[in-house]
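Trainee: Give me a model of this one.
(chains A, B, C, D, E and F)
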4 protein chains.
Amino acid sequence: MNKKLGRPRSEETKKSILTAAYELLSENGFNAVTIEGIAARAGVSKATIYKWWPGKAAVVLEGYFAATQLLMPIPDTGSVAEDLLIQVGNLSSFITSPKGKMITELIGAGQFDARIANEYRSRFFIPRRLISRGILERGIQRGELREDIDIELAIDILFAPLFYRLLITGDPMDNDFIKALIQDVLKGLTR
Amino acid sequence: MNKKLGRPRSEETKKSILTAAYELLSENGFNAVTIEGIAARAGVSKATIYKWWPGKAAVVLEGYFAATQLLMPIPDTGSVAEDLLIQVGNLSSFITSPKGKMITELIGAGQFDARIANEYRSRFFIPRRLISRGILERGIQRGELREDIDIELAIDILFAPLFYRLLITGDPMDNDFIKALIQDVLKGLTR
Amino acid sequence: MNKKLGRPRSEETKKSILTAAYELLSENGFNAVTIEGIAARAGVSKATIYKWWPGKAAVVLEGYFAATQLLMPIPDTGSVAEDLLIQVGNLSSFITSPKGKMITELIGAGQFDARIANEYRSRFFIPRRLISRGILERGIQRGELREDIDIELAIDILFAPLFYRLLITGDPMDNDFIKALIQDVLKGLTR
Amino acid sequence: MNKKLGRPRSEETKKSILTAAYELLSENGFNAVTIEGIAARAGVSKATIYKWWPGKAAVVLEGYFAATQLLMPIPDTGSVAEDLLIQVGNLSSFITSPKGKMITELIGAGQFDARIANEYRSRFFIPRRLISRGILERGIQRGELREDIDIELAIDILFAPLFYRLLITGDPMDNDFIKALIQDVLKGLTR
DNA sequence: TCCTAATCGAGACGGTACGTCTGGTCTTGAG
DNA sequence: CTCAAGACCAGACGTACCGTCTCGATTAGGA
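Mentor: Okay, here's the model as predicted:
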């Protein structure tokens, strides 16, 4: 029952595949990436890629997240409004940057492949939700926010507009937009 | 200067192509649709399809919107909360129905092809925004809503969470969700 | 029972089709000619061409022979050898000229379409055979040739080598070749 | 400098392609053969065919010559007339047989594609010329033939009439024709 | 030191769809 | 009835990737 027989997997090969995948993604976009292209650029056989990943989406995803350091500073200024401004602002900056815009295509591809969707949910969205949850909970404890709010729903309301503009309307997101968004959500639309 | 030279375009052919495209879309999903498949089912030559549409996305889109009667009743109950409940509830029902779920894939495809995005924006989203704008404007006139709100932003905040769940988190949308969403947005999160 | 109903066939149209066909043949070769190309250049509808000719081969053939004045001077010098030298030499000059080389392709096409073969046989080969037959018959009458020869066979023997080189070996044909050919055929190979 | 990298070419695949090409050629003629048809019958991908051959002509040609055992018995009876009777007779039998008649179409296609022409020249015609050259040289050595004849020209004169009838006039070739042909060429047409 | 088993490159292969092209037919309305 | 315009079906073209497969050449640890 020896598990270590045979030639071990080459870490270098893996790295070069992920690098190639990421480069091709950022150069030409998700659709233009092909397994053959990755293999060629990485100096690797197609079979090797298929050995370790089920398909193009998986390699590209992994390449993307391996290359993308997701800095997530946890704001804690003592004010919900301030914290959210920082947190939402950071996300907004990220998703309008070149790296962030690739997320657009990955979400697009995720509509056709549940594995992709799972990947970016667990890698990208869930970690951020945890931070947001912390911000809101502190706000409740400090008495800034109502005690009866559904935190998950609140997070949806706060962040959804960013992706709505990104994925659907294509409208731009500037600082004023972020400020107005948070103010409106906190204060409500009614008098 | 006679514009009516030559054999006129066959409306029947056009219809059968769009029908075939829509059927294949609903049976197998966007990715599985092929021009060859459409041509075969419609009993039409591939060349005819390429004559009139630049590619698969365009045919499928047009087939989808031709087949989808977008009922958009305009609610006007005298209460913003009521009107929004109806309007957001209708949309929610639609996008969780089989027909509506195809929108998911179309938006996904729209991330790779701006023409698709333009299509569903102008055909699907813009008409709905007009209705929502009406609801909110009446709310302002009646004094239910603050006078200083940015209506476009408000619409984003109200509808974005639906698509956020649909496209990204995959969380379900029930009636309670809709109610809580509208209440939160109207009242705000603060005490 | 009026036979002259409707618009009469336009001779001009016919002419422009044949001209276009011939031009395209000489510019790009038989294979590159298409009915669509002829129609475009002649400013004519494809249907019109199909109305009057069964297919591309027929139009091109007719265009070729309409444009090619087949000068066939009938040599009668009083000597079989002289007459043949002129007759075979003329043919050789013709089939190695640009116009003549098209014959090559027409014969090639004739291998796939019996109608083409019939056309060039009756238009090109039979008329020439008549002349050759005259030459040989006069030779027999003058006692230059044996009385028992099969004239048809003799014609084959005299002319076949030209086409053999043209169609199969690709070897060149100069004056010496023609002279030697006729001499050999007349004298025989034996001592 | 290792030449044996990668999966080796499958001989079986190659064989099935050539067989399919030959079968389709003999069933329907050269023009009706398509790469798609060959691929389908051979149970092979089109890409594989294009990998190894530049186009239909090349595959069909190779399939034809692979399937056609070109028996070329070398006659040596001690008499030029006898030897030629056998040699020309053999060729005549071959080119009027079903297999041989396909040559007709290949030569036809050769008028449009020099690669085809090269192929049948080197595979079919040159080997036969060598034999004929041997026959004639022996005839000269034995004193049956004149010493000053141009052997290449003589071969043309002897064989060209067969192809002239085959490709151009369509006239039949029986035994008497062969006999008369050889007699005439050997004796000459003059008294 | 050799053995064993897995990994890796190269690249052939069957498939499938692409978007283009031409052939030949059909449908208008004008002449 | 003829014709130009041009839509239409049919089907092959040659290309691009897919995902699988066969090779032979490595590359370890264990015998």
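Trainee: For A:Gly139, which non-adjacent residue is spatially closest?
Mentor: Closest residue to A:Gly139 in three dimensions, ignoring its sequence neighbours and counting by Cβ to Cβ, 6 or more residues apart in numbering or on different chains: A:Val80, at 3.6 Å. C-beta: built from backbone N, CA, C; applies to glycine.
Trainee: My guess is that neighbour contacts A:Arg146. True?
Mentor: No. With contacts counted by Cβ atoms under 8 Å, A:Val80 stays clear of A:Arg146, the gap being 11.4 Å.
Trainee: if I look at the residue minimising distance to the centre of chain A, how far off is chain D?
Mentor: Central residue of chain A (Cα atoms, centre = their mean): A:Phe124, 3.6 Å from the mean position. Distance, A:Phe124 to chain D, using Cβ to the nearest Cβ, to the nearest Å: 39 Å.
Trainee: need the contact list for that residue.
Mentor: A:65, A:70, A:103 (Cβ atoms under 8 Å, 6 or more residues apart in numbering or on different chains).
Trainee: For PyMOL, write the select line for the buried members of those.
Mentor: Buried residues within the contacts of A:Phe124, by 16 or more other Cβ atoms under 10 Å in any protein chain shown, are selected in PyMOL with:
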select buried, chain A and resi 65+103
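Trainee: The contacts of A:Phe124: which ones sit near chain C?
Mentor: For chain C, no contacts are drawn from those by Cβ under 8 Å from any Cβ of the partner chain.
Trainee: Among the contacts of A:Phe124, find me the one that's closest to DNA strand F.
Mentor: A:Phe65 (19.6 Å; Cβ to the nearest atom of the strand).
Trainee: what about stretch A:107-117 and DNA strand E, any contact?
Mentor: No. Judged by Cβ under 7 Å from any atom of the strand, stretch A:107-117 and DNA strand E are separated, with a smallest distance of 14.8 Å.
Trainee: Run through who's touching stretch A:127-138.
Mentor: A:70, A:72, A:74-76, A:80, A:83-84, A:87, A:91, A:145, A:149, A:151-152, A:154-155, A:158-159.
Trainee: can we see that at 6 Å?
Mentor: For stretch A:127-138, the surrounding residues in contact (Cβ atoms under 6 Å, 6 or more residues apart in numbering or on different chains) are A:74, A:83, A:151, A:154-155.
Trainee: Show me which positions of it end up buried.
Mentor: By 16+ other Cβ under 10 Å, the buried positions in stretch A:127-138 come out as A:128-129, A:131-132, A:134-136, A:138.
Trainee: again, but for stretch A:183-191
Mentor: Residues of stretch A:183-191 classed as buried by neighbour count (16+ other Cβ under 10 Å): A:183-186, A:188-190.
Trainee: Which of those residues fall in helices?
Mentor: Among those, DSSP state H puts A:183-186 in helices.
Trainee: nearest to B:Ser97, of the residues you listed?
Mentor: Of all these, B:Ser97 sits closest to A:Val185, with 28.5 Å by Cβ to Cβ.
Trainee: gap between the closest one and A:Gln87?
Mentor: As judged by Cβ to Cβ, to the nearest Å, A:Val185 and A:Gln87 stand 13 Å apart.
Trainee: overlap between the buried residues of stretch A:127-138 and the residues near DNA strand E?
Mentor: Of these, not one also sits near DNA strand E (Cβ under 7 Å from any atom of the strand).
Trainee: Adding pLDDT and secondary structure, write those out as CSV.
Mentor: Output for the buried residues of stretch A:127-138, formatted as CSV (pLDDT from 0 to 100; DSSP: H, G, I helix; E, B strand; the rest coil):
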residue, pLDDT, secondary structure
A:Arg128, 94, helix
A:Arg129, 95, helix
A:Ile131, 95, helix
A:Ser132, 96, helix
A:Gly134, 96, helix
A:Ile135, 96, helix
A:Leu136, 96, helix
A:Arg138, 96, helix
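Trainee: re earlier: part of a helix, is the residue nearest to the centre of chain A?
Mentor: Yes. Judged by DSSP: H, G, I helix; E, B strand; the rest coil, A:Phe124 forms part of a helix.
Trainee: any idea of the pLDDT on A:Arg191?
Mentor: If you check A:Arg191, the pLDDT there is 72.
Trainee: Please verify my assumption that it contacts B:Arg146.
Mentor: Yes. Here A:Arg191 reaches B:Arg146: they are 5.4 Å apart, a contact under Cβ atoms under 6 Å.
Trainee: what distance separates stretch A:56-74 from the centre of its chain?
Mentor: Relative to the chain's own centre, stretch A:56-74 is displaced by 8 Å; criterion: Cα atoms, centre = their mean, to the nearest Å.
Trainee: for stretch A:164-175, same thing?
Mentor: From the chain centre to the centre of stretch A:164-175 is a distance of 16 Å (Cα atoms, centre = their mean).
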